[in-house]
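Asker: Structure of the sequence below:
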Amino acid sequence: MRINKQQLALALCVLFMVALIYTRFLVSVSMFGLAFVGLFDWNKIDGKLKIRLNPVLLQNLKQFGNQPAYWMVTLFFLLVLLSGWQTEDWSYWIERLRIKLPFLILPIAFLGLPVFTRRQYLGLTYFLLILLCITCIGIGINYLLDFAAINESIKHGKAVPTPCNHIRFSLLLSLGIICGGWLWRERYYTRYTWERYFIKFATLFLFGFIFFLAVRSGLASSYAGLVVLLIHFVNTTQQYLKAAAMVATLIAMPVIAYLFFPTFNAKVGYVKEDLEMHTAGKGENYSDSGRFTSILLGLQLAGENPLQGVGAGNLRQEMRELYAQEYPQAPEIKLPHNQFVWVFAGTGLVGLFLFSLAFFYPILYNNNYRQPLFLAFNVVIFCSFLTESTIENSLGVALYSFFLLLGLNYITQYCPQTNLLSSYGRLRRAPNLVR
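Answerer: From the prediction side, this is the model:
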């Protein structure tokens, strides 16, 4: 009896999305599971389980050079690896390599995975939408149980408690919002037509909830992604009145949130205080001032070592020394809160060029930017890069690499010239109806 690889891959994708929120251990389990499904094939012959290298993968590896959207992703790992010759802090360099390892393994593994059908891909985004709604309800209940203390903590730079890091969770919420908007646009449902109205309500709920969380990077990212979908909506429907109503909602929502969400109100108050203290030169104990300082110091390091940087493995040590020199009273040493500045300081202009190539090429290759959901996802990630070092921790790497490669897997069936020469690709080129 043969286990259906596509069903197993889908189950691992579902597990992965749950794990992103609730447990890092299962993130690793699901990632290695996807790698196993992509790299190996199995059959039960004469009662014995036979495992071999996936013949589909072997075929596709021969085409790997013709699949630049996939192998460009490996540059995120190779960039850190190739900077090893500069390394003095070997433990930190090895930690960077371990964190970036999915960028090497998953692109190769995804080459061997079955190509997901349109219905399956949208079904995964639907599951993400439901999962986030359930999680947000739990977060809301927890907030109500201790709202006074949580509101007070936000006034001092803390965040509403979430199951995982609040910044990464807000990034997931941004993805959930654009997924919900796209599902509504595609008139998607699994079985009952009323699900379309549930999708609309769930999307609006998540959009309101991201204001309740009041994580600014998540808010900015969600707005950027929604603008992409809005532009696509206008271009394809010419329904300008509806578009104007959507724009009015986007503009009005911050005002509504300020009036009715105590968490958002408290965050705005904290930002004002932070800005005032930073202007007065007393912002060392405030979040935004600390982040801005980390970016300035990162740019200073990059300016001193513009071509090759200080080395990805030496960045932490160099930032410590610079803080001791420039801000000896700083309560906390922060690495650059900007992904591009992090790469520039660590690997110089050469590394920044390769990093930008790895990020932008999958978007531009074969006009992939014409796929609105894929473009919106990358815009969300790009916005997060401006205020966070998004892919310098294991959760951020997992989130970005998974959704990027899942999107590329999906796009292949709509761009025949980029389809992998595999039995899975050939079987699934026929259009799939989405009810």
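Asker: all contacts plus neighbour counts: C-alpha atoms, from now on.
Answerer: Noted.
Asker: Where does pLDDT dip in the protein?
Answerer: Along the chain, the model assigns pLDDT under 70 to residues 1-3, 44-47, 63-66, 278, 280-285, 413-435.
Asker: let's see 80
Answerer: The model of the chain has pLDDT under 80 over residues 1-3, 42-49, 56-67, 274, 276-288, 330-331, 412-435.
Asker: Tell me the helix or strand right after the lengthiest helix in it.
Answerer: For the chain, the helix that runs over the most residues, judged by DSSP state H, is helix 118-145. Note on helix 118-145: by DSSP states H and E, the next helix or strand toward the C-terminus is helix 147-154.
Asker: buried sites along that next one?
Answerer: 147, 150-151, 153-154 (16 or more other C-alpha atoms under 10 Å).
Asker: Next, the angle from it to helix 118-145.
Answerer: 100 degrees (axes from the mean of the first three to the mean of the last three C-alpha atoms, to 10 degrees).
Asker: For helix 147-154, name the packing helices and strands.
Answerer: Using 3 or more C-alpha pairs under 8 Å, 6 or more residues apart in numbering; DSSP states H and E, the elements in contact with helix 147-154 are helix 262-279.
Asker: Now tell me what touches the helix it packs on from outside.
Answerer: Residues from elsewhere that reach helix 262-279 (C-alpha atoms under 8 Å, 6 or more residues apart in numbering): 151-152, 154-157, 160, 211-214, 257-259, 283-284, 286-289.
Asker: what sits up against the next helix or strand after it?
Answerer: Next along the chain after helix 262-279, taking DSSP H and E as the criterion, comes helix 287-304. Helix 287-304 is contacted by residues 157, 271, 274-275, 278, 283-284, 309-310, 318-319, 322-323, 333-338, 341-342, 344-346, 348 when judged by C-alpha under 8 Å, 6+ apart.
Asker: Filter those down to the buried ones.
Answerer: For the contacts of helix 287-304, buried by 16+ other C-alpha under 10 Å: 157, 271, 274-275, 278, 283-284, 309-310, 318-319, 322-323, 333-338, 341-342, 344-346, 348.
Asker: got a markdown table for the buried residues of helix 147-154, with distance to C179 too?
Answerer: A markdown table is the format used below for these (distance: C-alpha to C-alpha, whole Å):
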| residue | distance to C179 |
| --- | --- |
| F147 | 30 |
| I150 | 29 |
| N151 | 30 |
| S153 | 31 |
| I154 | 29 |
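Asker: now, which of these sits nearest V18?
Answerer: Using C-alpha to C-alpha, I150 is the member of the buried residues of helix 147-154 that sits closest to V18, with 25.3 Å.
Asker: gap between the closest one and F264?
Answerer: For I150, the distance to F264 (C-alpha to C-alpha, to the nearest Å) stands at 12 Å.
Asker: Relative to the whole chain's centre, how far out is the helix or strand A398 falls within?
Answerer: If you go by DSSP H and E, A398 is part of helix 394-411. Mean C-alpha position of helix 394-411 versus that of the full chain (C-alpha atoms, centre = their mean, to the nearest Å) differs by 7 Å.
Asker: And the contacts of that helix?
Answerer: By C-alpha under 8 Å, 6+ apart, the residues outside helix 394-411 that reach it are 20, 24, 27, 69-70, 99-100, 102-103, 106-107, 110, 115-118, 121, 168, 368, 371, 374, 377-378, 381, 390-391.
Asker: Filter those residues down to the buried ones and express that as a ChimeraX selection.
Answerer: Those of the contacts of helix 394-411 that count as buried under 16+ other C-alpha under 10 Å are selected in ChimeraX with:
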select :20,24,27,69,70,99,100,102,103,106,107,110,115,116,117,118,121,168,368,374,377,378,381,390,391
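Asker: Now intersect the contacts of helix 394-411 with the helices, please.
Answerer: Short answer: the contacts of helix 394-411 in helices (DSSP H) are 20, 24, 27, 69-70, 99-100, 102-103, 106-107, 110, 118, 121, 168, 374, 377-378, 381.
Asker: follow-up on the earlier one: now the angle from the helix holding A398 to helix 118-145?
Answerer: Inter-element angle recorded for helix 394-411 and helix 118-145: 150 degrees (by the same axes, to 10 degrees).
Asker: Going forward, the N-terminal residue is numbered 669.
Answerer: From this message on, residue numbering opens at 669, which makes the last subject helix 1062-1079.
Asker: could you dump helix 1062-1079 to CSV, C-alpha only?
Answerer: Taking C-alpha atoms only, helix 1062-1079 is exported to CSV below (Å, rounded to 0.1, in the frame of the first residue of the first chain):
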residue,chain,number,x,y,z
SER,A,1062,14.6,30.5,13.4
LEU,A,1063,10.9,31.5,13.5
GLY,A,1064,11.4,34.3,11.0
VAL,A,1065,13.4,32.0,8.7
ALA,A,1066,10.8,29.3,8.9
LEU,A,1067,7.9,31.6,8.2
TYR,A,1068,9.5,33.3,5.2
SER,A,1069,11.1,30.3,3.6
PHE,A,1070,7.9,28.1,3.9
PHE,A,1071,5.4,30.6,2.5
LEU,A,1072,7.9,31.8,-0.2
LEU,A,1073,8.5,28.2,-1.5
LEU,A,1074,4.8,27.2,-1.1
GLY,A,1075,4.0,30.2,-3.3
LEU,A,1076,6.6,29.2,-5.9
ASN,A,1077,5.3,25.6,-5.9
TYR,A,1078,1.8,26.9,-6.6
ILE,A,1079,2.8,29.3,-9.3
